[in-house]
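Novice: 3D model of this:
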Amino acid sequence: MKSKTHSGIKKRVKVRKSGKLSFEKPCKQHLLSDKSKRQKKTSHFGVAVPSSHEKQIRRMLPGKAN
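Specialist: Below is the predicted model of the structure:
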């Protein structure tokens with residue numbers, strides 16, 4: 001039986017050309033006027049997925065991240 005891609009992971013994680021996984025940090029959608037410039041700047045897209053979670057996420061993305 002074919003394994004299906006996890007729809008939540010599909011929306012949140014991107015696979016880069018190098019094969020590394022990246023995701024967007026939370027807290028950058030609304031109420032931005034109350035947050036510091038540093039807080040908004042450091043949560044840009046492209047933060048690497050921690051190595052402790054990488055194996056689990058690759059299992060949820062069959063065909064893409066293997």
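Novice: Show me which residues of the helix of greatest length in the chain are buried.
Specialist: Ordering each helix of the chain by length in residues (DSSP state H) puts helix 51-60 first. For helix 51-60, burial by neighbour count (16 or more other C-beta atoms under 10 Å) applies to 57-58, 60. All C-beta spots, glycine's among them, are computed from the backbone N, C-alpha and C.
Novice: Any chance you could give me that helix in PDB, C-alpha atoms only?
Specialist: Extracted as PDB, the C-alpha positions of helix 51-60 are listed here (Å, rounded to 0.1, in the frame of the first residue of the first chain):
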ATOM      1  CA  SER A  51      17.900  17.100  13.500                       C
ATOM      2  CA  SER A  52      15.900  15.300  16.300                       C
ATOM      3  CA  HIS A  53      12.700  15.800  14.200                       C
ATOM      4  CA  GLU A  54      14.100  15.300  10.700                       C
ATOM      5  CA  LYS A  55      13.700  11.500  10.600                       C
ATOM      6  CA  GLN A  56      10.000  11.800  11.700                       C
ATOM      7  CA  ILE A  57       9.200  14.500   9.100                       C
ATOM      8  CA  ARG A  58      10.900  12.700   6.300                       C
ATOM      9  CA  ARG A  59       8.800   9.600   7.000                       C
ATOM     10  CA  MET A  60       5.600  11.800   6.700                       C
END
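Novice: Quick one: distance of whatever helix or strand Lys11 lives in to the chain centre.
Specialist: Assessed by DSSP states H and E, Lys11 sits inside helix 7-12. Distance of helix 7-12 from its chain centroid, counting by C-alpha atoms, centre = their mean, to the nearest Å, is 8 Å.
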